[in-house]
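S.K.: predicted structure and sequence below. I'll ask about it afterward.
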Amino acid sequence: MATVVFYILAILALLGTYLCVTRSNPVHAILYLVNVLFAVALMYYLLGAPLVAAWEVIVYAGAVMVLFVFIIMMLELTPDQEMSRVGWLRWGPTVLLAMVLFCTLVLFVAVDPETSRVIVDTYVAPKAFGYALFAKYPLAVQVISFHLFIAAIGAYYLGRGGGSRKRSREEGDE
Amino acid sequence: MTWTDFAGLVPVLILLGGAILILMAGAYRPHYRLFILAGISIALTACGVAVFSTSAVKEVSGIFRCGPYADFFMALWSLLGALTLGISFRYGEERKFAPGEYVALVLFSCVGMSFLSMASSLVGFFLGLEMISLNFYILTVFHRQSPEAPEAGMKYLLLGAVATGFLAFGIALIFAATGTLKLPEAMSGMVAGGQIVPLGLLAIAMFLVGVGFKLSLFPFHFWTPDVYQGAPAPVTGLLASGSKGAVWAAMVPLGAGLAGGLAEIVPLLKALALLTLATGVLCALVQDNIKRLLAFSSVSHMGYVLIAFLSGGLTGERAVIFYLVTYSIVVLGSFGVLACLSTPLGEPRALSDFKGLAYRSPFLAAALTIFLFSLAGIPLTAGFIGKFHIFYSAVRAGHTWMAIAGVIASLISMGYYLRLVFLVFQPRTDSPSPLAVCQPPGNIAVAFCSVLTLVIGIFPAPLLKFVAAILSP
């Protein structure tokens, strides 16, 4: 049962990724990506990592995707003429993916005791996961926090408006 | 994790703390020259501490190793960081680099290189490599007014992200095949009965794609010329020397861990090395832009190091590390010359700009000549000793044809290195040179690199013995 569900999820993830990278409309691409992230989260759950699954949904499907949508809104990447013809062909696949995902989720909830018995040997409780993170690899967590710090410096430095950048653009226009 | 664990990381902690202090100071009172000097002294302090440190622990947090090998590379990368800041003294001031961010990012990238060289687990390997990459994504576009910077930064970021994906997948597959991320075990676990298990082969292939991108080996080298051309000269120097050297420093224990299994991927590595050499040398021959020329030359040098790497054994490992040390110094020095010759209007571009350099800046011309001789592998320079050991290790491991191919490649490479040397010593008669006149501050770093190149070239024995000592546990 777990194997079958895994392959369904794997196909969903691959299909969603393919559709995501081939869409020309960024909002459509993001909708497919959300589906993919949900499928991957369910796979984590299936493999016995419920905490990672929860994070995948909260952080990626939640926070990061909102950020993407926000950036797309700010940059106004969506072409206007797309709005007039929203047909089945456009949102059908997304809905289908989401429906299958939802059915899988319901299946999980319905037959959870059985699934967790199948995968018990790789099951990692949230407590054990947290212990590994902060007792076994505390330095790795620190290094990753520095990664984020450096990325923040870069985003701030490169995104900082005004001053020199504005001047160079004006010079370029002239 | 206890306080004694931190003792092994003191040089890195000095770099990290110093970088944060400078970053904070930059928010209040930015002063370019002062910050550069502060950054240099922080890096040199870290270097000194690394030289004299004797750590009690063997491993920190299960992902980084301590000991002579780690100390040596921490010292080397700190020194390279100090030299990079030295050559950006005038360069960055003219381009109005944000002092806090620039110095901090250079120091952070030294931290990343140290972490990568110290990695005793694939987690440490990945974290170190990503730390380097993140810094260079930013440093590549640090000169925001440069018209070439956005293209370079975008190419590096996108291709780098793809390479990181491959690397992470490779590491995951190694874990799937062996069940561990610890370094000697993860590699030796993939070898069963003298052969690599199928899943291990796939993992190594993925891993090689990621690492090959960072090292600009043959099929993954396309970013190199564009990024080198678009990035500021001091940053390019650090990118070409430190980031590649650190990857090699981390690859040596990987190759040693693979031991018997290495023989199985040797044909693949041989093909990669030959193609890398050919691409680097032949493309460099037709370049007219100095930074693109050095980029392709760096591609070809990675081919030489790969020959030593695939030869394996203590001789091969010693050749890899000796070569990466000398190559780092030489390459940083040659980009230092470019930084010294840059004017506020731009960096040296065409090779013809160098015509008559010897009559305007004799010192820089001499330094450039030493670096080019070393890159070409002419005796009395460090590059000759390095190449000699690479070919020696190849012959000793029975890969005579690889050594011959390497010699042929270095002969062809003389074509472009010596052409530049000829241009430097030709009198300039036609138009005035667009290059800057030699100015003191940045030259100290260049002088240091050139003296070191000559000293290692004439007395290689101490460094060779030292490298052999840090390799034998």
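M.R.: Sure thing, it's come through. Because the structure is predicted, anything quoted here is derived from the model rather than measured.
S.K.: now B:Ala38. Nearest residue, chain neighbours left out?
M.R.: For B:Ala38, the nearest residue in space outside its immediate sequence neighbours is B:Ile22; the separation is 6.0 Å by CB to CB, 6 or more residues apart in numbering or on different chains. The way it works is simple: take the backbone N, C-alpha and C, and place the C-beta from them, glycine included.
S.K.: ok, now how distant is the one you found from chain A?
M.R.: Look at B:Ile22 and chain A: by CB to the nearest CB, to the nearest Å, they are 12 Å apart.
S.K.: which residues sit against the helix or strand containing B:Phe384?
M.R.: Secondary structure assigned from DSSP states H and E places B:Phe384 in helix B:382-396. When contacts are taken as CB atoms under 8 Å, 6 or more residues apart in numbering or on different chains, the neighbours of helix B:382-396 outside the stretch itself are B:304-305, B:307-308, B:311, B:313, B:315-316, B:318-319, B:322-323, B:326-327, B:329-330, B:373-378, B:400, B:402-403, B:406-407, B:410, B:452-454, B:456-457, B:460, B:464.
S.K.: so which of those reach chain A?
M.R.: For chain A, no contacts are drawn from the contacts of helix B:382-396 by CB under 8 Å from any CB of the partner chain.
S.K.: enumerate the residues of chain A near chain B.
M.R.: Taking CB under 8 Å from any CB as the criterion, chain A approaches chain B at residues A:136-140, A:143-144, A:146-147, A:150-151, A:153-154, A:157-158, A:164-165, A:168.
S.K.: how about 6 Å then?
M.R.: Residues of chain A found near chain B, taking CB under 6 Å from any CB of the partner chain as the criterion, are A:138-140, A:143, A:147, A:150-151, A:153-154, A:157, A:165, A:168.
S.K.: of those residues, which belong to helices?
M.R.: Counting by DSSP state H, the residues of chain A next to chain B place A:138-140, A:143, A:147, A:150-151, A:153-154, A:157, A:165, A:168 in helices.
S.K.: in TSV: those residues, plus pLDDT and neighbour count.
M.R.: As requested, those are arranged in TSV below (pLDDT from 0 to 100; neighbours: other CB atoms under 10 Å in any protein chain shown):
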residue	pLDDT	neighbour count
A:Pro138	87	14
A:Leu139	89	21
A:Ala140	91	19
A:Val143	93	25
A:His147	94	18
A:Ile150	94	23
A:Ala151	93	14
A:Ile153	92	21
A:Gly154	91	19
A:Tyr157	89	18
A:Arg165	45	14
A:Ser168	42	14
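S.K.: can you redo these as CSV with distance to A:Leu12?
M.R.: As requested, these are exported to CSV (distance: CB to CB, whole Å):
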residue, distance to A:Leu12
A:Pro138, 36
A:Leu139, 37
A:Ala140, 31
A:Val143, 34
A:His147, 30
A:Ile150, 35
A:Ala151, 30
A:Ile153, 38
A:Gly154, 34
A:Tyr157, 39
A:Arg165, 43
A:Ser168, 46
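S.K.: quick check: domain ranges of chain A?
M.R.: Domains of chain A are assigned by automatic domain parsing as A:2-125, A:137-174.
S.K.: if you average pLDDT over each of those domains, which is lowest?
M.R.: Ranked by mean pLDDT, the domains of chain A bottom out at domain A:137-174, which scores a mean of 73.
S.K.: check contacts around B:Phe142.
M.R.: B:Phe142 makes contact with B:Pro232, according to CB atoms under 6 Å, 6 or more residues apart in numbering or on different chains.
S.K.: next one: B:Asp226
M.R.: When the contact criterion is CB under 6 Å, 6+ apart, the partners of B:Asp226 are B:152, B:155.
S.K.: where's it, which helix or strand?
M.R.: Assigned by DSSP H and E, B:Asp226 falls within helix B:223-230.
S.K.: buried residues, that helix. List them.
M.R.: For helix B:223-230, burial by neighbour count (16 or more other CB atoms under 10 Å in any protein chain shown) applies to B:223-230.
S.K.: show me the contact partners of the strand or helix carrying B:Ser298.
M.R.: Counting by DSSP H and E, the secondary-structure element that holds B:Ser298 is helix B:290-311. Applying CB under 6 Å, 6+ apart, the set of residues contacting helix B:290-311 from outside is B:215-217, B:221, B:224-225, B:228-229, B:240, B:248, B:255, B:266, B:269, B:273, B:276-277, B:280-281, B:283-284, B:287, B:316, B:319-320, B:323, B:327, B:348, B:390, B:393-394, B:397, B:399, B:402, B:406.
S.K.: I'm done for today, thanks for sticking with me.
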